[in-house]
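Undergrad: based on what follows, work out the 3D shape:
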Amino acid sequence: MNLSHRTLVREAYQTVRRGLALVLRWVLALLGEIRAGGLDYRAMSLVYTSLLALIPLLAVAFSVLKAFGAHTELEPLLSELLEPLGVNADQVKDAIIDSVKRLKVGVLGFLGFLFLFYVSITMLDKIEESFNHVWRTRTSRNLWRRLGDYLSFTLVGPLLLFSAFGSMTGLLGRHSGRGAAGWAWSLADHVLPYAAIILAFTLFYRVIPSARVKLRSALFGGVVAGAMWEVAGWVFGEFVAGSSQYHAVYSSFAILVLFMVWLYVSWLIVLLGAQSSFFFQNPQCLGQSAGRARADNRLWERGGLAILYLIVQRFLAGQKPPSLADLAESLHLPEVLTGELLALLQQAGFIVAIDHGRPGFLPARDPGAIAVLEVLEALRGGEGTLPLPAPVALGMAAAETSLSAQLAGTSLRDWVASAQS
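TA: Presented below is the predicted three-dimensional model:
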């Protein structure tokens, strides 16, 4: 019995140890991405863009909500978002609301309206670009698709968001304190705001990136970002409430400085949540900074040839063009590595990307005119100017000659035809 007890304790200890090691690895990976992955600079860029686009975006949201009689929900939500600013929150909120109400598009004229529209679209484009950087993808939606998504996000998003916020507030207000079930509604009053934050982050991570994000990955990122948001809000609020030195340094600019710092922290949390979604979906990339996925030369060459072969095979069979996710799943390759190989093949002129309702890839020219040796040379890149000893140079030249003789005159169409026969 004593031996069994010791075994259980040892197993529990090992489980806890592995769990703590995994958590530490995740924390170190996320912290590394802040500097090595450039998330800090992208957060700064989003702060600048947010300052330019904040009033136009809120003005559009206010106009949409006013048409449905829901514009009164704008102030409570802003109060919630600015709560970490402490006693300064109301002053910042009143200044934003006053600027939104004073904004009159008719006075600005057509050029002024175009400028506001451009600033709003630029902010959404910056967000998508940052998320694509996190997901290490170079593919993006076409222009019309992006404009449609941005308009939907700008016009329909506020209505759905504020309607859900208002419904939740009204529901809790009507049922709080009713009989024996009052404790349940009190608990919901504390839990539902966190659930709403997690849901908002999850939808953000699921919809915005150009890469295909699985729902469970987006949800994981939403939970991580929601937890960081609450902890950072509490810490920042305690800092603002317990420190008065910043007023002595910045005087009347203190509120603006605090607002910009909170914006930076908020965007950094958003990007770290997106990074968590990426690591959850691509655990093999944990600990690797943004950039090219680590792959040896043999995997790089064989992966590129296999990707191009599958694209040509589907094309000749009259099937739907494969997407990035389809190719990665078929070859059991990370989506990051698959995306980089597709980008290289596209840049070399072997394939083209299409987006006719469903993104995919097609051969850029007749598969019979795509020589295997040409593809292999493109995957290998330049030979470089490394001075080699004579025996090494002769040996490599003999190997190259043998490979060239074996693949001479062979095209991708020939490979597909040989597989069918």
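Undergrad: ranges for the strands of this structure?
TA: Taking DSSP state E as the criterion, the chain carries its strands at 351-355, 359-363.
Undergrad: pick the most deeply packed of these.
TA: Counting by mean count of other C-beta atoms under 10 Å, strand 359-363 has the highest mean neighbour count of the strands of the chain, with a mean of 21. To be clear about C-beta, it is placed using only N, CA and C from the backbone, and glycine gets the same treatment.
Undergrad: counting by contacts, list what that one packs against.
TA: Under the contact definition 3 or more C-beta pairs under 8 Å, 6 or more residues apart in numbering; DSSP states H and E, strand 359-363 sits against helix 297-316, helix 324-331, strand 351-355.
Undergrad: domain ranges for the protein?
TA: Listed by automatic domain parsing, the domain ranges of the chain are 1-35, 39-285, 297-420.
Undergrad: need the least confident one among those, by mean pLDDT.
TA: When the domains of the chain are ranked by mean pLDDT, domain 39-285 comes last with a mean of 72.
Undergrad: hey, where'd the helices end up in the stretch 151-300 of the chain?
TA: Ranges of helices within the stretch 151-300 of the chain are 182-207, 215-242, 245-250, 254-281, 297-316, based on DSSP state H, counting those that start in this stretch.
Undergrad: how about the ones you listed in JSON lines, adding distance to Leu345 and mean neighbour count?
TA: Shown next, in JSON lines, are the helices of the stretch 151-300 of the chain (distance: least, C-beta to C-beta, whole Å; neighbours: other C-beta atoms under 10 Å):
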{"stretch": "helix 182-207", "distance to Leu345": "28", "mean neighbour count": "16"}
{"stretch": "helix 215-242", "distance to Leu345": "26", "mean neighbour count": "18"}
{"stretch": "helix 245-250", "distance to Leu345": "53", "mean neighbour count": "11"}
{"stretch": "helix 254-281", "distance to Leu345": "23", "mean neighbour count": "21"}
{"stretch": "helix 297-316", "distance to Leu345": "6", "mean neighbour count": "18"}
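Undergrad: I'd guessed Gly233 sits against Ile197; true?
TA: No: here Gly233 lies out of contact with Ile197, judged by C-beta atoms under 8 Å, at a distance of 10.0 Å.
Undergrad: which neighbours do those two have in common?
TA: By C-beta atoms under 8 Å, 6 or more residues apart in numbering, Gly233 and Ile197 have no common neighbours.
Undergrad: and stretch 202-213, end to end?
TA: Start-to-end span of stretch 202-213 (C-alpha to C-alpha, to the nearest Å) is 10 Å.
Undergrad: likewise for stretch 400-418?
TA: For stretch 400-418, the end-to-end distance is 24 Å (C-alpha to C-alpha).
Undergrad: let me see the contact set for the nearest residue to Pro321 once chain neighbours are set aside.
TA: Nearest residue to Pro321, sequence neighbours excluded (C-beta to C-beta, 6 or more residues apart in numbering): Gly360, at 2.9 Å. The contact partners of Gly360, by C-beta under 8 Å, 6+ apart, come to Lys320, Pro321, Pro322, Ser323, Asp326, Ala353, Ile354.
Undergrad: any of these buried? List them.
TA: Pro321, Pro322, Ser323, Asp326, Ala353 (16 or more other C-beta atoms under 10 Å).
Undergrad: what is the most widely separated pair among those residues?
TA: Using C-beta to C-beta, those span at most 13.3 Å, a distance reached by Asp326 and Ala353.
Undergrad: circling back to that earlier point, any chance of the strands of the chain in CSV, with distance to Ala371 too?
TA: Below are those laid out as CSV (distance: least, C-beta to C-beta, whole Å):
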stretch, distance to Ala371
strand 351-355, 15
strand 359-363, 13
